[in-house]
Every structure is written in C-alpha cells, then in structure tokens.
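S.K.: here is my input, please return the structure:
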Amino acid sequence: MSEAIKHECGIALIRLRKPLDYYIEKYGSPLYPINKLYVLMEKQSNRGQDGAGVANVKVNVPAGHRYISRYRSVMNRPIVDIFGKINAKYRDVLKNNPDKFKNADWLQENLAFTGEVWLGHLRYGTHGKNEIESCHPMLRQSNWRSRNLVCAGNFNMTNAEELFRKLVKLGQHPKDMGDTVTVMEKIGHFLDEENQRVFERFKGIYDNPALSDIIEDNMDLQRVLHRACRDFDGGYALAGVTGYGSSFVVRDPAGIRPAYYWADDEVVVVTSERPPLKAAFGAKFEDIKEIQPGNAVIIDKYGEFGEYNIVPAVERKACSFERIYFSRGADDEIYQERKMLGKLLVPQVLKEIEHDLENTVFSYIPNSAEASFYGLMEGLDNHLTAWRKEQLLKGDVTEERLDKILNFKPRFEKLVSKDVKLRTFITNDNDRGDMVSQVYEMTQGVVKRSVDTIVVIDDSIVRGTTLEKSILKLLDKLGPKKIVIVSSAPQIRYPDCYGIDMSKVREFVAFRAMLALLKEKGLDYMKEEVLEEAQRSFMNKKGHKQNFVKRLFDTFEYAEVSDKIAEILKPAGLKAELAIVYQTVENLNIACPKNLGDWYFTGNYPTKGGNKVVNKAYINFMEGKEVRAY
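M.R.: Now for the predicted structure:
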C-alpha cells in the first residue's frame, strides 16, 4: 500500500535431527544452521523491521555448561547485527583455536550458539516501545532444564487482561500485563505442572540425576499446550523451545496467523511463509505443509516430530491481508491470488472510464501492487479478445477498421517511481508532505493533457494520507482529465486485533467517510445511539456479543462510501476529476478462497474478542481517547 502499516511478525524454527558433527563433516563447517537461519530470517524481513532475536538450545551438554543462548537487537539492521555477533564468536575460534573449529564436542562445551535447536523472530511492534525488552524470543528460566522455556510468536491476544488475572489467581506475579509475558507465563505454568506430574509419577522409581532425564522423556507437550491455549482469544502462531530441546509451533483455531513446516532426515523447519523454505533448503512448494488451525507441530528432544491437535478448530478465517499485501509474492499461490484480485476489478474499472480504453493510461503504486496490476492487464486483454471477436462477427469490416481492431492495445505505463535513496526523517506535519512528494518521481510525456484518464491500482487504502498529501497532486501535474485510484482490497472499515497495527477507527478513511455521510444526511444521532448500545454491552459484560459499529456502515450503499472517500481525499486545487474504485468483498473471497478472514472489511470477527475490540475502539473514538482498544 502507498502508506505502510505495521503488521504481523515472523518466526523461524530449525531443529537439527542429527549431531552437529554430521553437518560439519557433510557441509565442511559448523555454520550450517546459522547460515540457514539467516536466510530464513532475511527472506521474512518484510514481516518485521523493528527488531529481531535469535535463541539457541543445546540438547546434550554436561551440567555446568551454558545450554541456552540468546541475542536480540533493535539496531537499524537487526538481523545483520545479530548474525554479525554470532559469526564473531566463530571467527574468534578460527583465530585462537583453529584446530577446534570443526570439533563438535569442543564447540558445544565452549562456544555459544552451537546447539541443535534454533528459534528466530522478526518484530513489528504493535504493542510496547521499540526497545530490546520488547523483542522476542522471551526467556523463562529455571535450574531445572525441563522447566526452561524460550518463546517467540506472531500473535495478538484480545483477552490479555483476562489472561493476566488468571495468572494472578494461580498465584503468579507477572512482571508485565502485555500479552507476550502473559502468554509465555501461561505456557510456562502448565509446563511446570507437567514437570510436577511426571515427577510424581516416577519419584521413588528413579533417583536424581537419572530422574531428570526420565522427566524430559515423558513430558507431554501436547497436554501442556492444550491446557495453556484453551483460554487464548486471538490470532497466533506461537513457537517455543524447552531447555531440554523439545520444541513446538502452535496455531490458533481459526488459522488467522500463518505457519508452515518442512522436514527431511536432517532438519525440521517451521516458518511464517513458504518462500523462505524454498530459498534456504530448496524445498518444493508441494512438500511444504501448512500447520492446520488449532494444531501444533511438536518436535521431541530426539528430533522426532508430528502435527497434533491442541484446541478444536473453528471455521477457518485465515487473514486475507496476508494474500493482499503482507506475505512475499514469490509464493505461487499468493502471486496468482493477487493477480486475480486485479483481474476481478476489470468490470468496475471499465464502467468508471466509460469503456474508453483508447484514452486511458494504466499504472500502479507501490511496487507491491505489481501483481494485481498484471492481473488487471490480463483481465483487460481478455475483455479485448471478446470485443475483437464481437466486432469481427458483425461482418462488413473495412481493412482500416480491421487493422484498428487487431492492433489496439491498452496503454500500460510506469507513471510513478519511488526514489529509495531518499528518506523522510522530518516529523513536522507541515513539512512532511513536501518531503514525501520528493520521494516519488513522475514519468512525463505519456499522458495526453486534458484528454487521458489515469487509472492507478494500489494494494489497499487505509488512511489515504499519502494519496491526499502527495500522490494525487503529483498525478495531477501530468494533466489528466480524470484520475481513478483502484484498491485491490475492499474498504477497510473495522480495526484489527490479531496482529496488524490498525486499532483506532478514526484513522480509517472509510470510517471518516461514513461519519461524513451521517452528518450530510441528518443521521448524526445514530452515533450516540450506537455509543449507548456499546457502553451498555460492556456494563452488562456482553461487549463481545455483537459488533455495533456495523449498524452505521450498513446505513449506506458501498458505492456511496467510495464516492465520499474520493471527496475527502481530493486535495484542494486538484484539476482532474477524481474517482476511487474499491474491490468488493465478494470478489476478494473469490480470489482468496482459502483465506476468508475479512473482518477488516465486513466486521465479522472470527473470535468473540474481535467484537469487544471494535466496540471498545468506537467508544474510545466517541470519548476522544487516544488509546488502543486492546
């Protein structure tokens, strides 16, 4: 989208299934897992640029040796920073102990980050400050190896306060009320209970230290995760590693947040997206499996793994924004879906330009909208093929007319380019618009002044600020008769609460348009009615039962809201006529049939916490509170 929003984090887990010396012998270096994890994280850097973290667990090292290592960073290039520090350790070995560089036993006893289990995380901060303590992986420590827990995830819980209260009721004293700490402590609590359960079962039969190994071999992580996750309300892909080397990635029952895995006889790997697995390991897309909603991939301390149900699955509502914008388009399914989003817009676009293809120039912004643009082009080609056939079947076509029919092509141009070398550091609102405009360069000489219509496709329009402050003004300088902005996503009307930083309704241009329509039509009283309904629902502890804000949007036709958005975003002095065309929800679901999580557009939340969040967000707006709704 032309205005970036912060969104879902990324995870990467690698479990070596053979001893370290196997990889040293086969690949000639102990850096095999480090290099693989680096690729996995770099290929998911689109998912988080506020910070990163890496944790490593050694499965079998003698007591008295560190077996959990962790680095986190909030530097400008956090992935490079972390792996630079890890590689520095290995360079030090090469310099001071070169004969030990390929000695697996020596490395594991003397060097950090030489273990069999690796967990990487990329952070986009939707909660908390951008500081090191907010970065995953998080660590819960104990002198009992089986009670240690390293956690990282791509998640947002709508009931973090409720989870916090339950922890306090259990007798804990959490250091933070945020969902990251509460989630880790919730899993940690049941990990402790599982330790105790197994201990009680085998005490008297085995003595320490043998009993510790027996406990590790008999821990039931499926039971731990079931007991911990059954109270979670939100979207999540949670990864964890125990101190004894077992690991897991568990996915929410609606499949809101993505998670994929791939394995061979050397490794088990879990990531948030599929392309990194192909890039790092050469995995074929058809061999990469999706963790099913409500399930977890659990890997034991010996490297054996399986996918197990944790909580009952509900109707699948995988996030459609993954397909529209967030995930890498190198995934073949996502690429085809994005193309289809563009293709399905053709009838609306043709109507808006009155079928005048001869005097229309098509383009796109930003680069991530390119796939949708190709789909729009393909759809227009199909339209022209049908048109040519229709014209020829009419008969009595002159040679001149035949040449025009056969040779006519839509005009596709790169109208807007972004100069990646320019960065806008200015925070003053008065100066930012001018600086942002300098980031974009316009292609001159391809638009016929006062004759052509410009059609520009975007991924989605959230706030519309960049369009209003810079892009529309720049396009207007090209002299078009009309500008049509096309969004491959429907109107974003409702806040997210499952991992994307869209929690305040006033920021959505569609919400602003709805408010303007209420005022224009003398329906302002409905705002207070909805406020009272929402407030009453919380007083009766039923804030999660219904999305009251839907009533306001349902008052108007979809096209009415689109037209009002165009009015709101039209800059003063814009000479060209302006129209905005939005994707329909129906076509979105056709394009992305397996990812029907469309609550941003419909208000139909997949968990009860979603309704609670949207109602709270509306109350905050009406009361003038600049706070998050979760």
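
S.K.: so where's the chain uncertain?
M.R.: Low-confidence segments of the chain, defined by pLDDT under 70: 1-8, 125-130, 176-177, 419-438.

S.K.: so who does residue 485 touch?
M.R.: For residue 485, the contact set (Cβ atoms under 8 Å, 6 or more residues apart in numbering) comprises 456, 458, 461, 467, 472, 566, 578-581. In this view, the C-beta of every residue, glycine as well, is placed from N, C-alpha and C.

S.K.: which among the residues you listed gets closest to residue 505?
M.R.: The closest of those to residue 505 turns out to be residue 461 (Cβ to Cβ; 15.3 Å).

S.K.: next one: the closest one from residue 149, what distance?
M.R.: Using Cβ to Cβ, to the nearest Å, residue 461 is found at 42 Å from residue 149.

S.K.: who's more crowded, those two?
M.R.: More neighbours surround residue 461 than the other of residue 461 and residue 149, with 28 against 23 (other Cβ atoms under 10 Å).

S.K.: what about the residue nearest to the more buried one when sequence neighbours are not counted, how many neighbours?
M.R.: Spatial nearest neighbour of residue 461, chain neighbours left out: residue 487 (4.9 Å); criterion: Cβ to Cβ, 6 or more residues apart in numbering. Residues near residue 487, counting by other Cβ under 10 Å, number 25.

S.K.: what do you get for the one 5 residues further on?
M.R.: Other residues lying near residue 492 total 24 when counted by other Cβ under 10 Å.

S.K.: what's the answer for the one 3 residues further on, then?
M.R.: The burial count assigned to residue 495 is 30, neighbours taken as other Cβ under 10 Å.

S.K.: what helix or strand is residue 441 on?
M.R.: strand 440-442 (DSSP states H and E).

S.K.: that strand: which residues count as buried?
M.R.: Buried residues in strand 440-442, counted by 16 or more other Cβ atoms under 10 Å: residue 440.

S.K.: residues contacting that strand, please?
M.R.: With contact meaning Cβ under 8 Å, 6+ apart, strand 440-442 is reached by 415-419, 470-471, 474-475, 477-478.

S.K.: right, and the helix or strand after that strand?
M.R.: Assigned by DSSP H and E, the successor of strand 440-442 is strand 453-458.

S.K.: following that following strand, which helix or strand comes up?
M.R.: Following strand 453-458 in sequence, per DSSP H and E, is helix 465-466.

S.K.: before we move on, back to that, buried among the contacts of strand 440-442? Need that as a selection in ChimeraX.
M.R.: Selection of buried members from these for ChimeraX, criterion 16+ other Cβ under 10 Å:
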select :415,416,470,471,474,475,478
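
S.K.: would you turn the contacts of strand 440-442 into TSV with secondary structure?
M.R.: As requested, these are exported to TSV (DSSP: H, G, I helix; E, B strand; the rest coil):
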residue	secondary structure
415	coil
416	strand
417	strand
418	strand
419	coil
470	helix
471	helix
474	helix
475	helix
477	coil
478	coil
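
S.K.: could you measure from the residue nearest to residue 478 when sequence neighbours are not counted over to residue 140?
M.R.: Spatial nearest neighbour of residue 478, chain neighbours left out: residue 447 (4.4 Å); criterion: Cβ to Cβ, 6+ apart. Distance of residue 447 to residue 140, computed by Cβ to Cβ: 60 Å.

S.K.: contact partners of stretch 58-78?
M.R.: 49-57, 79, 81-82, 85-86, 108-109, 112-117, 130-132, 135-137, 139, 141, 145, 148, 150, 209, 243-245, 301.

S.K.: going along the chain, name the helices of the stretch 401-550 of the chain.
M.R.: 429-439, 465-466, 472-476, 509-520, 525-539, 550-553 (DSSP state H, counting those that start in this stretch).

S.K.: okay, those helices in TSV with distance to residue 167 next?
M.R.: Output for the helices of the stretch 401-550 of the chain, formatted as TSV (distance: least, Cβ to Cβ, whole Å):
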stretch	distance to residue 167
helix 429-439	42
helix 465-466	40
helix 472-476	50
helix 509-520	35
helix 525-539	23
helix 550-553	34
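
S.K.: residue 311: which of these is closest?
M.R.: Closest among the helices of the stretch 401-550 of the chain, using Cβ to Cβ: helix 525-539, at 26.2 Å.

S.K.: about what we covered before: which of residue 447 and residue 140 has more neighbours?
M.R.: residue 447 (24 against 20).

S.K.: my guess is that one contacts residue 454. True?
M.R.: Yes. Judged on Cβ atoms under 8 Å, residue 447 makes contact with residue 454 at a distance of 6.4 Å.

S.K.: mutual contacts of these two, please.
M.R.: Listed as contacting both residue 447 and residue 454 by Cβ under 8 Å, 6+ apart are 361, 415, 478, 480.

S.K.: so which of those comes closest to residue 610?
M.R.: residue 415 (38.2 Å).

S.K.: quick one, what contacts the closest one?
M.R.: Neighbour list for residue 415: 361, 363, 365, 442-443, 446-447, 454, 456, 475, 478 [criterion: Cβ under 8 Å, 6+ apart].

S.K.: if we use 10 Å, what do you get?
M.R.: 361-365, 440-444, 446-447, 454-456, 474-475, 478, 480 (Cβ atoms under 10 Å, 6 or more residues apart in numbering).

S.K.: wait, isn't residue 591 in contact with residue 340?
M.R.: Yes. With contact defined as Cβ atoms under 10 Å, residue 591 reaches residue 340; the gap is 4.0 Å.

S.K.: overlap in contacts, those two.
M.R.: Residues touching both residue 591 and residue 340 (Cβ under 10 Å, 6+ apart) are 323, 372, 375, 488.

S.K.: okay if I get these as CSV plus secondary structure?
M.R.: Compiled in CSV, the shared contacts of residue 591 and residue 340 are given as follows (three-state DSSP):
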residue, secondary structure
323, helix
372, helix
375, helix
488, coil
